[in-house]
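>>> have a look at this prediction, sequence included:
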Amino acid sequence: MCADISSFRRFLHWGPITALSIIKCITLTTLYMNSMWWPPNESFAAFAHQALFLLLSTLATFNYIMATLTGPGLLPKQWQPKDPKDTEFLQYCKECEGYKAPRSHHCRKCNRCVKKMDHHCPWINHCVGWANHAYFSYFLLFSILGSIQGTVVLSCSFYRGIYRYYYLTHGLAHLASVQFTVVSIIMCILGMGLAIGVVIGLSMLLYIQLKTIVSNQTGIEIWIVEKALYRRYRSLTDEQFVYPYDLGWRRNLRQVFNEECQKLGDGIEWPVTDGCDQFTLTREQLAQKQEKRARTRTYKCISNVTGRWLPIFSQGWRVCVSAPCTDEPRIRLQPGDIIKVTRFRRHWLFGERELSDLERKNTQRKGQIRGWFPRRSVVALTEVPDSESSDEIKSNGKAFNGNGNGHSQGKQQQRNGHSKKYM
């Protein structure tokens with residue numbers, strides 16, 4: 001379990017190893033090339049330039065380590081609200097055997113409920129949430145600034161190096177300060193490519209993080225709010241959904257950033273806007289879960305499913321080409337398994353395998369019980385709603401042409417068709 005490993009072992013993972021290796025590769029390559037391009041002992045400006053780069057590199061590394069070691073803040077197992085009556089407004093977590101506090105979500109990778117969970121980041125081998133959101137954002141900022149400076153140094157050094165012969169033959173020997181070897185030119189090109197990649201990739205991620213922080217939302221809550229608005233749009237109700245945690249951009253920023261970079265509150269109770277309470281969002285989540293259960297259909301497995309991400313030999317190329325673009329797990333299935341399906345694609349389904357009595361009493365089978373699997377390996381035991389069938393579309397088309405209410409029915413048909421992306 002990712003949440004239970006020690007502080008040192010958390011770095012023994014491909015994510016932290018790769019991230020720290022990239023940071024150090026850019027740092028060491030930049031320092032080496034800068035010693036020839038603009039040596040720090042040449043002037044005070046050169047010294048300040050290198051000192052600034054070292055400061056940015058140190059701050060990026062420090063905030064990275066703090067984001068990893070601090071963690072997002074885990075909800076205690078078997079957590080219960082202070083007032084037992086409040087349990088009716090909260091979701092129950094089977095894995096943690098307790099209730100999920102407001103803004104908390106269960107992480108499959110950490111196998112724990114995380115306070116104000118934004119996402120699980122493989123680069124820090126931990127979740128980003130309530131306790132480490134500021135450290136993670138500062139890590140992105142300082143990494144971008146340091147990589148921009150590194151890109152400038154490496155680009156200028158590369159230019160000086162490849163024109164060294166020109167400078168020497170045209171009386172510009174003072175500019176021929178960068179001398180390449182086979183190893184140094186490879187490292188310069190590699191470091192420059194990594195630095196540019198860091199600037200582009202982390203800038204996009206930092207933009208997303210700042211956008212959520214300013215609105216006091218997480219990546220998961222953005223999706224919840226989008227579904228809440230759509231639910232009211234489709235039900236033709238005048239009821240407005242008010243996101244309870246948007247306190248204005250200044251107060252929203254202070255929820256994450258402060259002078260000492262310390263987490264505020266306990267990660268369970270949150271300040272809310274007027275007219276809302278602590279369970280405004282959780283009640284909406286429960287309503288969405290109820291609709292999700294109403295969409296659930298039962299399927300039975302008729303052939304073996306390997307659980308591989310690209311089952312080209314067992315399922316064919318068409319299934320592999322249309323595989324879901326998500327990091328959600330794939331599940332293994334055996335003939336006779338019963339699966340409760342909640343999401344539907346043309347060639348793939350998402351659901352949870354029901355455990356047999358033998359599995360409940362003894363050890364479970366290896367692998368996940370909830371995830372994606374190929375559609376051709378199962379058959380439906382309950383009928384899929386015919387709201388999307390061609391017969392209904394035809395009947396709606398006739399109604400549209402035959403009476404004065406065609407416009408409203410056409411709008412309803414549009415709503416039904418638009419709902420596919422939420423399934």
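Now that the structure is in, tell me what you want to look at.
>>> helix or strand: which one has Pro39?
Counting by DSSP states H and E, there is no helix or strand that carries Pro39.
>>> Gly351 is in contact with Cys301, isn't it?
No: Gly351 is beyond contact range of Cys301, at 10.7 Å (criterion: Cβ atoms under 8 Å). To be clear about C-beta, it is placed using only N, CA and C from the backbone, and glycine gets the same treatment.
>>> list the buried residues for the longest helix along the chain?
In the chain, with assignment by DSSP state H, the single longest helix is helix 182-214. Within helix 182-214, the residues that count as buried by 16 or more other Cβ atoms under 10 Å are 184, 187-188, 191-192, 194-196, 198-199, 202-203, 205-206, 209, 212-213.
>>> same check on stretch 155-172?
Applying 16+ other Cβ under 10 Å to stretch 155-172 flags Ser155, Ser157, Phe158, Arg160, Gly161, Arg164, Tyr167 as buried.
>>> what average pLDDT does the longest helix of the chain get?
If you average the pLDDT over helix 182-214, you get 96.
>>> try stretch 322-333
89.
>>> can I get the CA coordinates of it in CSV?
C-alpha atoms of stretch 322-333 as CSV (Å, rounded to 0.1, in the frame of the first residue of the first chain):
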residue,chain,number,x,y,z
SER,A,322,-10.4,1.9,-28.9
ALA,A,323,-9.0,1.3,-25.4
PRO,A,324,-10.0,4.0,-22.8
CYS,A,325,-7.4,6.7,-22.5
THR,A,326,-7.3,6.5,-18.7
ASP,A,327,-5.0,5.1,-15.9
GLU,A,328,-7.9,3.2,-14.4
PRO,A,329,-7.1,-0.5,-14.0
ARG,A,330,-8.1,-3.4,-16.2
ILE,A,331,-9.6,-6.4,-14.5
ARG,A,332,-9.3,-10.2,-15.1
LEU,A,333,-12.4,-12.2,-15.6
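>>> contacts for that stretch?
108, 301, 304-310, 339, 345-348, 350, 353, 365-373, 377-378 (Cβ atoms under 8 Å, 6 or more residues apart in numbering).
>>> go again using 7 Å as the cut-off
301, 305-310, 345-348, 353, 367-373, 377 (Cβ atoms under 7 Å, 6 or more residues apart in numbering).
>>> could you do stretch 150-157 as well?
Contacts for stretch 150-157 (Cβ under 7 Å, 6+ apart): 26, 29-30, 33-34, 36-37, 53, 178, 188, 191-192, 195-196, 199.
>>> can you pull out the helices in the stretch 151-300 of the chain?
Assigned by DSSP state H, counting those that start in this stretch, the stretch 151-300 of the chain shows helices spanning 164-169, 182-214, 219-234, 249-256, 280-295.
>>> next one: the second one to chain centre, how far?
On the basis of Cα atoms, centre = their mean, to the nearest Å, helix 182-214 sits 18 Å off its chain's mean C-alpha point.
>>> tell me the angle that helix makes with helix 249-256.
If you take axes from the mean of the first three to the mean of the last three Cα atoms, to 10 degrees, helix 182-214 sits at 120 degrees to helix 249-256.
>>> tilt between helix 182-214 and helix 219-234?
50 degrees.
>>> against which helices or strands is helix 182-214 packed?
Contact partners of helix 182-214 among helices and strands, from 3 or more Cβ pairs under 7 Å, 6 or more residues apart in numbering; DSSP states H and E: helix 14-37, helix 133-162, helix 249-256.
>>> looking at these, which is closest to Arg234?
Among those, helix 249-256 comes nearest to Arg234, with 29.2 Å by Cβ to Cβ.
>>> in that closest one, what counts as buried?
Residues of helix 249-256 classed as buried by neighbour count (16+ other Cβ under 10 Å): Asn252, Gln255, Val256.
>>> Pro72 reaches Val114, doesn't it?
Yes: Pro72 lies in contact with Val114 (Cβ atoms under 7 Å); the separation is 4.9 Å.
>>> overlap of the contact sets of the two?
By Cβ under 7 Å, 6+ apart, the residues touching both Pro72 and Val114 are Cys127, Gly129.
>>> for the protein, which spans come out with low pLDDT?
Within the chain, the set of residues satisfying pLDDT under 70 comprises 1-6, 260-262, 360-361, 363-364, 382-423.
>>> how close does the residue positioned nearest the centre of it sit to Ala60?
Nearest residue to the geometric centre of the chain (Cα atoms, centre = their mean): His119, 4.2 Å. Counting by Cβ to Cβ, to the nearest Å, the separation of His119 from Ala60 is 20 Å.
>>> and which of the buried residues of stretch 155-172 is nearest to Ala46?
Comparing those against Ala46 with Cβ to Cβ places Ser157 closest, at 13.4 Å.
>>> how about the closest one, nearest residue that isn't a chain neighbour?
With Cβ to Cβ, 6 or more residues apart in numbering as the criterion, Ser157 has its nearest non-adjacent residue at 3.9 Å, and that residue is Met33.
>>> that neighbour contacts Cys188, correct?
Yes: with contact defined as Cβ under 7 Å, Met33 counts as touching Cys188 (5.8 Å).
>>> and Leu74, what are its bridge partners?
Beta-bridge pairing of Leu74, defined through DSSP bridges, involves Val114.
>>> isn't it right up against Lys116?
No: counting by Cβ under 7 Å, Leu74 sits too far from Lys116 to count as a contact (11.4 Å).
>>> Arg343: which element?
With DSSP H and E as criterion, Arg343 is part of strand 338-344.
>>> what angle do that strand and helix 280-295 make?
Using the same axes, to 10 degrees: strand 338-344 against helix 280-295 is 120 degrees.
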